[in-house]
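**Q** quick check, what structure comes out for this input:
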Amino acid sequence: MPTIIGVAESTHYLVGSVDSLNNFIGLNQSRDVAVMGSLVEAKNYLRDNNIFNAALEYQTAYDEMCGTSSTSGRCSQMIKF
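**A** Residues are numbered from 1 along each chain as shown. Modelled structure (predicted):
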């Protein structure tokens, strides 16, 4: 599933895909995870790859420190563009 990850207190967004094992990977095997400077850039990158919806996920650096599990502490929603 195409995914955009925004990290609190960060100036970039990670764009990639989540595979069947819940690993965050590049959009396809030949690409690395893309780093974008804004949400607009992230959406445009996906559009350029003929992807028009994605999961938008917001994470904080404190999730891990607070003992939040890897899935329950995430704020996520599906977006269309």
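**Q** how near is Ala54 to Asn28?
**A** 15 Å (C-beta to C-beta, to the nearest Å). (Each C-beta comes from the backbone N, C-alpha and C, glycine too.)
**Q** neighbour count: these two, which is higher?
**A** Ala54 (20 against 9; other C-beta atoms under 10 Å).
**Q** point me to the helix or strand that includes that one.
**A** Assigned by DSSP states H and E, Ala54 falls within strand 53-59.
**Q** and that strand, what other elements does it pack with?
**A** strand 2-7, helix 39-48, strand 75-80 (3 or more C-beta pairs under 8 Å, 6 or more residues apart in numbering; DSSP states H and E).
**Q** contacts for the first one, please.
**A** Translated: strand 2-7. For strand 2-7, the external contacting residues (C-beta atoms under 8 Å, 6 or more residues apart in numbering) are 13-18, 24, 27, 39, 42-43, 46, 51, 53-61, 79.
**Q** contact partners for Lys43?
**A** Ile4, Ala54, Phe81.
**Q** quick one on the thing from earlier: any idea of the angle the strand holding Ala54 forms with strand 2-7?
**A** Interaxial angle of strand 53-59 relative to strand 2-7 (axes from the mean of the first three to the mean of the last three C-alpha atoms, to 10 degrees): 20 degrees.
**Q** my read: Met36 touches Ser10, true?
**A** No: at 11.3 Å, Met36 does not count as touching Ser10 under the criterion of C-beta atoms under 8 Å.
**Q** so between these two, which is more surrounded?
**A** Met36 (18 against 12).
**Q** for the more buried one, give its distance to Ala8.
**A** 16 Å.
**Q** what of Leu39?
**A** For Leu39 relative to Ala8 (C-beta to C-beta), the value is 14 Å.
**Q** Arg47 now?
**A** According to C-beta to C-beta, Arg47 and Ala8 sit 25 Å apart.
**Q** with Asn44 instead?
**A** Asn44 is 23 Å from Ala8, by C-beta to C-beta.
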